[in-house]
Structures are given as structure tokens and as C-alpha cells.
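In: need a 3D model of the sequence below.
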Amino acid sequence: MLAAVAVVCLELLWLRTGLFRQPAYWLSMLVVFVFMVPVDGWMSKVPNPIVIYDPDVLSGVRFPIDIPLEEFVYAFAMVTLAILLWERAGRESHPAVAGRRTCGDRIVSRKENTMGAVTKYIRIDAPPQQVYELWRDPTGYPEFMEDVNEVEQRGDRWHWKVDGPAGIPVEWDSVIVEDIPGEKLAWKSVEGLSNAGVVRFDDRGDATDLEYAIEFDAPAGKAGEVVAKLFDDPESKVQRALESFKRLVERDARPRPDSRTEVDAGEASPQTGKVA
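Out: Next up is the predicted model:
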């Protein structure tokens with residue numbers, strides 16, 4: 001009974017996380033299927049399964065095709081769990097966050113109705129303080145964030161106006177909950193669309209590893225349908241936003257040529273032919 005409950009829970013995780021959209025997942029399942037057939041055949045046909053390396057014993061073993069369905073379901077669940085744990089470990093070991101995670105460093109406490117969460121990383125060829133200062137000004141977000149029409153400051157709040165699906169506008173207010181210049185910026189919504197997130201800026205010398213993480217919830221009813229369409233394929237939207245932000249920062253960080261109003265030292269003047 002306990003095994004059945006575990007299988008059901010893992011299947012729900014499989015659907016919730018969108019793992020079934022990843023080709024690597026189905027490749028893993030194919031490998032499991034291929035190996036289950038001979039292993040099940042050996043274990044069920046050999047008189048003494050522990051000693052399966054004896055050629056005289058193995059020669060008469062046939063690979064069965066009548067493996068019980070529950071064994072495949074159980075293997076399906078175990079592979080799902082293994083890949084979920086592998087992906088989680090991969091995110092935690094990313095260079096932008098390695099060694100900096102703590103139990104209290106969550107974005108927000110997850111709720112049962114959490115619609116989704118996205119975490120992305122990108123390296124920007126500019127110092128952390130410069131990257132932070134550009135991100136710290138939300139009024140510039142429409143330059144690199146899709147669908148964001150306007151962000152304006154209202155007291156200690158930031159009011160967002162986003163172009164929703166079918167021309168339906170979506171608005172909400174957010175506040176900064178943690179601000180460490182050059183290192184970290186976290187926010188949460190206080191009215192309207194429920195969301196929260198954090199941006200970290202890790203110093204890499206002349207470059208910055210930027211980590212962007214966001215969680216968002218959907219209300220019930222029609223409003224929830226609008227939010228679902230607004231956040232359709234959020235990972236791709238976040239990735240495109242970060243790439244646009246990277247171009248914006250690196251363009252501003254590029255050294256600008258000095259003014260040419262004066263003749264450079266050591267350069268001959270075209271009018272006089274003399275060296276200045």
C-alpha cells in the first residue's frame with residue numbers, strides 16, 4: 001500500500017514539474033525498459049538467482065515478455081524520483097549559487113496552489129555593482145522584459161502594467177523585501193498577481209554571475225486562466241529577458257571612445273603638419 005502511495009505521488013510530481021517534456025527523461029525510461037527484460041528474466045528463471053554468472057545456468061534462460069505491469073510502473077516512479085533529485089542537485093551546485101544556499105534562503109514559502117517557479121542563470125561581462133544598479137531600476141524593465149508595458153514607483157511600491165493575452169492588461173504592486181547593493185535584490189507582490197522572486201549578483205572579477213528566480217501563483221476562475229496564458233512557457237521568457245538584459249548591460253559597459261574634439265597627443269595636425 002505504501003509503495004502504491006509513493007508511486008502516485010511521484011506521478012503527480014512528474015506532471016507538475018513538466019518532466020515528461022524532456023527527451024532525456026524518455027531516453028532514461030527506454031534504458032530502464034531494455035534492462036528490465038533481461039534482469040527480470042534472469043531473476044525469475046534461474047533456480048538460484050544469486051549465482052547468475054554460471055554459463056551452464058544462463059544458457060537456458062529465456063527473456064520473458066510477460067513482466068507484470070506494476071513492475072514497470074514502479075520503475076517509472078523510481079526513474080522519475082532519481083531525475084528530479086539529479087536536477088535539484090544540479091541547480092544547487094551551479095557556480096552562481098554554490099556554497100551560498102541556506103535553509104532560510106528560500107524565495108518564499110511554497111503554497112499548495114503555487115503555479116510555477118523558474119530559476120535561470122547567466123554570466124554578464126560587467127562588474128556586479130554596475131549590473132545591480134541597472135537591475136535596481138524597475139522603470140527600465142520594459143527594455144528587456146517581454147509583455148512588460150510599464151513599471152512606475154508609487155511610494156515604497158512598484159506598480160506593474162503588463163500586456164496580457166487578448167489585450168487584457170494585468171497589473172500588480174510589488175515591494176522590495178531585501179536589498180544588498182551589488183549582491184542581492186528580493187521582492188514580493190502585495191496586491192494583484194501573486195509572485196515573489198530574488199536576483200543574486202555573484203562577483204567573478206570582471207564579470208558577474210546573475211541568478212534570477214521567481215515563483216508565481218494563479219488565482220481561481222477566469223483570472224487564473226489569464227495568468228496561465230501570461231506565464232505560458234515562463235522558462236523561455238525568462239531566458240530571453242536575461243539575454244536581452246545581458247546585451248543591454250554589456251553595451252553600456254563597453255568603453256566609449258574619447259572625444260575627438262582635440263588633437264591626440266603625438267598626432268600631427270592636418271592643417272599645420274605639426275605635432276601637437
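In: W158 reaches W172, doesn't it?
Out: No - counting by CB atoms under 8 Å, W158 does not reach W172; the two are 9.3 Å apart. Placement of C-beta: from N, CA and C, glycine included.
In: quick one: which of these two has more around it?
Out: W158 (20 against 17; other CB atoms under 10 Å).
In: quick check: beta-bridge partners of that one?
Out: Counting by DSSP bridges, W158 forms beta bridges with Q153, S174.
In: can you tell me how far it is from A196?
Out: 13 Å (CB to CB, to the nearest Å).
In: which residue is the nearest non-sequential neighbour of R200?
Out: In space, R200 comes closest to E211 once its chain neighbours are excluded; the distance is 4.4 Å by CB to CB, 6 or more residues apart in numbering.
In: now the strands for the stretch 101-250 of the chain?
Out: 114-124, 148-154, 157-163, 169-180, 184-192, 195-204, 207-217 (DSSP state E, counting those that start in this stretch).
In: Y132 is nearest to which of those?
Out: Among the strands of the stretch 101-250 of the chain, the nearest to Y132 by CB to CB is strand 195-204 (5.1 Å).
In: so for the closest one, what's the average pLDDT?
Out: Strand 195-204 shows an average pLDDT of 94 in the prediction.
In: ok, now stretch 123-135?
Out: 95.
In: for it, buried residues please.
Out: Under the neighbour-count criterion of 16 or more other CB atoms under 10 Å, stretch 123-135 has 124, 126-128, 130-132, 134-135 buried.
In: any idea which of those residues is closest to Q239?
Out: Nearest member of these to Q239, counting by CB to CB, is I124, at 13.9 Å.
In: residues contacting the closest one?
Out: If you count contacts by CB atoms under 8 Å, 6 or more residues apart in numbering, I124 has them with 131, 207-208, 210, 245-246, 249-250.
In: can you name the two of the residues you listed that sit furthest apart?
Out: The widest separation within these (CB to CB) is 14.1 Å, between A207 and F245.
In: neighbour count: the two, which is higher?
Out: Per other CB under 10 Å, whichever of A207 and F245 has more neighbours is F245, with 22 against 16.
In: kindly list the main-chain dihedrals of the nearest residue to that one once chain neighbours are set aside?
Out: Closest residue in space to F245, ignoring its immediate chain neighbours: F144 at 4.5 Å, by CB to CB, 6+ apart. The phi/psi pair for F144 (degrees, to the nearest 10) reads phi -130, psi 0.
In: closest to V238 out of the strands of the stretch 101-250 of the chain?
Out: Going by CB to CB, the one of those nearest V238 is strand 114-124, 4.9 Å.
In: that closest one: partners in the sheet, and parallel or antiparallel?
Out: Counting by DSSP bridges, strand 114-124 is paired with strand 207-217 (antiparallel).
In: tilt between the strand it pairs with and strand 184-192?
Out: 20 degrees (axes from the mean of the first three to the mean of the last three CA atoms, to 10 degrees).
In: what pLDDT, on average, does strand 207-217 get?
Out: 91.
In: for the residue nearest to D179 when sequence neighbours are not counted, what are its contacts?
Out: Take D179 and drop its neighbours on the chain: the residue closest to it by CB to CB, 6+ apart is L185, 5.7 Å away. Applying CB under 8 Å, 6+ apart to L185 gives the contacts 132, 135-136, 176, 178-179, 198-199.
In: the residue nearest to R200 and V199 touch, don't they?
Out: Yes - contact criterion CB under 8 Å: E211 and V199 qualify, at 6.9 Å.
In: next up, the contacts around the closest residue to V131 other than its chain neighbours.
Out: Computed as CB to CB, 6+ apart, the closest residue to V131 that is not its neighbour in sequence is T208, at 4.6 Å. By CB under 8 Å, 6+ apart, T208 lies in contact with 123-124, 126-128, 131, 201-202.
In: please repeat the previous calculation with a cut-off of 6 Å.
Out: Contacts for T208 (CB atoms under 6 Å, 6 or more residues apart in numbering) come out as 124, 128, 131, 201.
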